[in-house]
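J.: Show me how the following folds:
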Amino acid sequence: MIKLEHLTRCYGDFIAVDDVSFEIKHGEIVGLLGHNGAGKTTIMKMITGYLEPTSGKIAVDNLEVGRDTRAIQKRIGYLPENCPVWPEMTVIDYLDYQASLHGVPVDKRDAAVASAIRRTVLEAKATDPIQTLSRGYRQRVGVAQAILHNPDIIILDEPTNGLDPTQIRHMRDLIADLAKTATVIVSTHILQEVQAVCERALIMRAGKLVVDARIDELQQSGGLLVTVDRNADKAFSGIPEVTKIVSHAEEGGHHHYRLEASNDAAPVIARVLNREGLQLFALQPQRRDLETIFAEVNEEVVNG
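T.: Below is the predicted model of the structure:
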């Protein structure tokens, strides 16, 4: 398990990460979302031990970053946003070199390189110089170097950045395959990627963690859509489960409401509307995508 407690990182007077706490269990696929500059990469660098927190604590199982940094790094595979590669080296030579840096024993190195090439579907490019590869294949080489030592945790920073739609689809498939044997954290500002491959979203805004929830829970948290035959403001105001009338519009003699309400509000609303003599045409949950949620979260910054 990865556990962050009150993690803060400052650069002079600028607070890049501000009192962030969360836990990630073994086997989860988690998306770390936020605009550029929100603090995502800074968090990843601190988890991997390449950047020291100003304050707070990071633990991986019983190991602590700072005290046990080297031991933690051996358990983590990391793809930075701009993965450093040696363009003149062939894929297989580069991965062999990286395997030595990861501490893979000499007698197991060939097997580790072969496995990483197979898992990232690089067989056809294994003897090609890296400088001849497309962006998509270079990203695959970056992922391959991150999994050479069979890490328990894989951290991918903007893995689909600059890829075309076909390459993005291949990267999604690769991430899903990696998640079969490891905990995966994907940092991105591309919402569709998190929605496509992750089970849970952590949304950063200006250095703070503002959302931590499962994707399915977020999509079901959009409230209720209700259509009745006349104005129902008074009826809704008397229902404790309805916390807010988000919007109300009249069209063609029907009144359309979007309500902020608890998960168990629907049957209560139906009973009250029936009791008040209103005709109910529609009552259904509103599903939201991550794009809508992300926009709402960041709109709060604009509106104060």
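
J.: which residues touch V85?
T.: V85 is in contact with 94, 130, 138, 141-142, counting by CB atoms under 8 Å, 6 or more residues apart in numbering. Heads up, the C-betas are built off the backbone N, CA and C, glycines and all.

J.: Next: L202.
T.: Contacts of L202 by CB under 8 Å, 6+ apart are 22, 30-33, 209, 211-212.

J.: So it versus V85, what's the distance?
T.: 28 Å (CB to CB, to the nearest Å).

J.: Could you do R138 as well?
T.: Taken as CB to CB, the span from R138 to V85 is 7 Å.

J.: Identify the contacts common to the two.
T.: Joint contacts of R138 and V85 (CB under 8 Å, 6+ apart) are I130.

J.: Mind putting the contacts of L202 into CSV with pLDDT and distance to L163?
T.: Below are these laid out as CSV (pLDDT from 0 to 100; distance: CB to CB, whole Å):
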residue, pLDDT, distance to L163
F22, 97, 28
V30, 96, 21
G31, 94, 17
L32, 94, 18
L33, 90, 18
L209, 94, 27
V211, 89, 26
D212, 91, 27
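
J.: Any chance of a markdown table for those residues, columns distance to N161 and neighbour count?
T.: A markdown table is the format used below for the contacts of L202 (distance: CB to CB, whole Å; neighbours: other CB atoms under 10 Å):
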| residue | distance to N161 | neighbour count |
| --- | --- | --- |
| F22 | 23 | 16 |
| V30 | 18 | 23 |
| G31 | 14 | 25 |
| L32 | 14 | 28 |
| L33 | 14 | 28 |
| L209 | 22 | 22 |
| V211 | 22 | 17 |
| D212 | 24 | 14 |
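
J.: Just the closest of the residues you listed to T227, please.
T.: V211 (29.3 Å; CB to CB).

J.: give me every residue that touches the spatially closest residue to the closest one that is not a sequence neighbour.
T.: Excluding its sequence neighbours, the residue lying closest to V211 (CB to CB, 6 or more residues apart in numbering) is I203, at 3.8 Å. I203 makes contact with 33-34, 209-212, 293-294, 297, according to CB under 8 Å, 6+ apart.
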